[in-house]
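Trainee: Predicted coordinates and the sequence they were generated for:
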Amino acid sequence: MTVASYIVLGVILFLVITLYKELMRPAIAFLIAVAILLVAGILAPREAMHGFANEQLAVIVMLLILSNTLGKSQIIDRLFGAFFKQKDSPRTFMLKMLSGVSISSAFLNNTPLVAMMMPYVNQWSKDHKLSVSKFLIPLSYASILGGCVTLIGTSTNLIANGLAIEYGEEGLGIFDFIYVGAPMLVIGIVYLMLFGDKLLPTHISLTDHLPQDREYCVETVVNNASPLIGKSVEDAGLRNMKGLFLAEIIKENRVVRPAPPDVLLAAGDILLFVGDTEHIAELTKPKLGLGLPEASTLPQKELDSLVELVVSHSSTLVDQRVMDSNFRSLFNGAIMAVHRDGEAISGKIGDVVLRPGDMLMVLAGRDFLSRIKRSKDFYLLSRIKGLESENIQGALLLMIGLFISIGLAVLNWVPLFTSLAVLVVASIVMGLQKVADLKSKVDFDLIIIIAMGLALGKGMLNSGLATLLADQMAGYLQASGTWVILAGLFLISNLLTAFMTSKAAVAIVLPIALSIAHAMGIPIPAIILIVAYGGAASFITPIGYQTNLMVYGPGGYSFKDYLRIGLPLTLIYCAVAVFVLLKLYMH
């Protein structure tokens, strides 16, 4: 191995360790990795920046913009509302959910679809007195299964295809993924219908703490003019409040826990209540003289409703304390409580450091919904009454236009890039989105990861590391047959995805896989597809795919829950993918 090869290998190990241990944001880690290759002279500046001009990257960005626009409109919300019925049995509801979400995910970005379905699933489970943990992982898995059916179903497929084109290979068509994706969609639904109830837990989760409502720990402050000042907890009527329990009192940094009935209340005391969503709103009424901490105050006249949000994986508020997040001015809402991993967080809300998957209870201001719609920071969990009016006809036309664009691309009449660009402009003209809001619909971390992943792949080729690893792997696996190579590439991609991100895993594995293909004469399409499937079909951890992370907190899941139900499905996917690709390309 050359010095350059050792440097690139060290950079890859740095990425794997950094992403696995979540030491920094993936985009930052990739930037550092490429910067090292630039300093070492392995990459030229032009090669490092060339990925930003990749056509597939632009297609991904435009698909995200259009999918988010549709996902946050009422058109898909209404379609799902007409599809699901309250009288449905649990098995009927599960079958409708799995089939509807998976088919939709083949053509639309699955993140907003899952975000919209979560309120339905939560409400339906609550109405039928069932644990939501029986439904949320299947919801995520259905979106992943559907996303693997087409080239545009998931950004992972687009990234794999874009990387291959960048390395001089011929790209795949929109429906080249269907030969494995469609059978696995059916097999996956059957698997979840047969074994989901047995393998999934019945957790007392974020949505199941109380029979009727979610339970939160909420921080309030005794105002200076509060009628509670000077009264004991019992005299103030705080001992037997309906649906609420006074858990602890913080007096000048002294914690009184549990709160005794005879302790006297003073101005500035922090009272921590545990209660359900229905009764927590009572704490904001003026008669008690209780307020929210200064870091999250909201004027009484601005209050509109009580909502619940889940912090997204790409939220700009991740790793920030609530008091430092500027939530009030950004969204005109006040964070009242935070839940994490199935347990309420006590103590001062302002000191809580937000993490992906956290559930927030928020007192929403009058324009809260419109601000949240323009943000990628949160997924809406609870339903908000009085949704603002929107251009339903325009959203419907946009949806039809998206399907027409796909059809034109399949027939090779109009490039997908061209038709999507027209649709983005049309969405602005129809008033479905504003030019100023476009940047909020773009995941810039994703763009950096893709572009820097392309640069990393080029560095692997320039240094000779990709060819060296490919030759060694080909030598070890040649006697075992092509099916072992395909299965190995799938499992390597899948394991890397499970502990970092699918985008990063594909960017690392594909250059090596292509070198193996050239060394052993394996058809290039089969290699691109197997790496894409391995990266996209992420079922065994909540980290690997964003929809898994979205349902992690609300479902009260643990890592082992994903492994228990996801590992068999992963092995089935690997076996089917290898079998179909061998029959399709190696006959």
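Mentor: Great, that's in hand.
Trainee: could you measure Val576 against Ala266, distance?
Mentor: Per C-beta to C-beta, to the nearest Å, Val576 is found 66 Å from Ala266. In short, each C-beta sits where N, CA and C put it, glycine included.
Trainee: Can you pick out the residue with more neighbours from the two?
Mentor: Per other C-beta atoms under 10 Å, whichever of Val576 and Ala266 has more neighbours is Val576, with 17 against 14.
Trainee: model confidence over the helix or strand harbouring the more buried one, on average?
Mentor: Assigned by DSSP states H and E, Val576 falls within helix 559-585. Regarding helix 559-585, the rounded mean pLDDT is 93.
Trainee: Stretch 7-21 too?
Mentor: Averaging pLDDT along stretch 7-21 yields 83.
Trainee: Stretch 449-466 too?
Mentor: Average pLDDT, stretch 449-466: 77.
Trainee: Nearest residue to the residue of the chain most remote from its centre in space, ignoring adjacent ones along the chain?
Mentor: Distance to the chain centre peaks in the chain at Gly230, reaching 47.8 Å (criterion: C-alpha atoms, centre = their mean). Excluding its sequence neighbours, the residue lying closest to Gly230 (C-beta to C-beta, 6 or more residues apart in numbering) is Leu264, at 6.4 Å.
Trainee: How many residues are close by that neighbour?
Mentor: Applying other C-beta under 10 Å, we find 14 residues neighbouring Leu264.
Trainee: what residues are up against it?
Mentor: Counting by C-beta atoms under 8 Å, 6 or more residues apart in numbering, Leu264 makes contact with 230-232.
Trainee: what's the answer for Ile530, then?
Mentor: Neighbours of Ile530 in contact, by C-beta under 8 Å, 6+ apart: 486, 489-490, 493, 513, 577-578, 581.
Trainee: Now it: which helix or strand?
Mentor: Using DSSP H and E, Ile530 falls in helix 524-536.
Trainee: likewise Leu309?
Mentor: Assignment of secondary structure by DSSP H and E places Leu309 within strand 305-311.
Trainee: next helix or strand past that strand?
Mentor: helix 327-331.
Trainee: What pairs with the helix or strand following that next one, parallel or antiparallel?
Mentor: Where DSSP H and E defines the elements, the next helix or strand beyond helix 327-331 is strand 333-340. In the sheet, strand 333-340 lines up against strand 343-344 (antiparallel), strand 359-364 (antiparallel) (DSSP bridges).
Trainee: Now do the last one, average pLDDT.
Mentor: Meaning strand 359-364. What strand 359-364 shows for mean pLDDT is 78.
Trainee: before we move on, the earlier item: got the CA positions of the strand holding Leu309 in CSV?
Mentor: Presented in CSV, the C-alpha positions along strand 305-311 are these (Å, rounded to 0.1, in the frame of the first residue of the first chain):
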residue,chain,number,x,y,z
SER,A,305,-53.7,25.4,20.9
LEU,A,306,-51.7,22.7,22.6
VAL,A,307,-49.6,20.6,20.2
GLU,A,308,-47.1,17.8,20.3
LEU,A,309,-43.9,17.7,18.1
VAL,A,310,-41.1,15.3,17.5
VAL,A,311,-37.6,16.7,17.0
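Trainee: Kindly calculate the angle that that strand makes with strand 359-364.
Mentor: Orientation note: strand 305-311 sits at an angle of 140 degrees relative to strand 359-364 (axes from the mean of the first three to the mean of the last three C-alpha atoms, to 10 degrees).
Trainee: list the helices and strands strand 305-311 packs on?
Mentor: helix 277-280, strand 359-364, helix 368-373, strand 378-380 (3 or more C-beta pairs under 8 Å, 6 or more residues apart in numbering; DSSP states H and E).
Trainee: do that again at 10 Å, thanks
Mentor: helix 110-127, helix 277-280, strand 333-340, strand 359-364, helix 368-373, strand 378-380, helix 546-552 (3 or more C-beta pairs under 10 Å, 6 or more residues apart in numbering; DSSP states H and E).
Trainee: among the ones you listed, which is nearest Gly459?
Mentor: helix 546-552 (27.0 Å; C-beta to C-beta).
Trainee: can you tell me which of the helices and strands packed on strand 305-311 the model trusts least?
Mentor: Mean pLDDT, when computed for each of the helices and strands packed on strand 305-311, is lowest for helix 277-280, at a mean of 59.
Trainee: quick check: mean pLDDT across the next helix or strand after that helix?
Mentor: As assigned by DSSP H and E, the chain's next helix or strand after helix 277-280 is strand 290-291. Averaged over strand 290-291, pLDDT sits at 74.
Trainee: What pairs with strand 290-291, parallel or antiparallel?
Mentor: When DSSP bridges is applied, strand 290-291 pairs with strand 215-222 (antiparallel).
Trainee: Rounded mean pLDDT for the partner strand, please.
Mentor: On average, strand 215-222 scores 72.
Trainee: just stretch 176-196 next, same as before
Mentor: Stretch 176-196 comes out at a mean pLDDT of 95.
Trainee: Next, the buried residues of it.
Mentor: For stretch 176-196, a neighbour-count test (16 or more other C-beta atoms under 10 Å) marks 176-182, 184-185, 188-189, 191-192, 196 as buried.
Trainee: Return the closest of the residues you listed with respect to Ser131.
Mentor: Nearest member of the buried residues of stretch 176-196 to Ser131, counting by C-beta to C-beta, is Gly196, at 12.1 Å.
Trainee: Number of residues surrounding the closest residue to that closest one other than its chain neighbours?
Mentor: Once flanking residues are discounted, Gly196 sits nearest to Pro138: 5.3 Å by C-beta to C-beta, 6+ apart. Counted with other C-beta under 10 Å, the neighbours of Pro138 add up to 25.
Trainee: Local confidence estimate at Pro138?
Mentor: Reading off the model, Pro138 has pLDDT 95.
Trainee: next structured bit after the one helix or strand it maps to?
Mentor: Per DSSP H and E: Pro138 is located in helix 136-147. Sequence-wise, the next helix or strand downstream of helix 136-147 (DSSP H and E) is helix 155-166.
Trainee: contacting residues for the residue lying closest to Ile492 once chain neighbours are set aside?
Mentor: Closest residue to Ile492 apart from its sequence neighbours, by C-beta to C-beta, 6+ apart: Val509 at 5.9 Å. With contact set as C-beta atoms under 10 Å, 6 or more residues apart in numbering, Val509 has these partners: 160, 163, 457, 489-490, 492-494, 496-497, 527, 530-531, 534-535.
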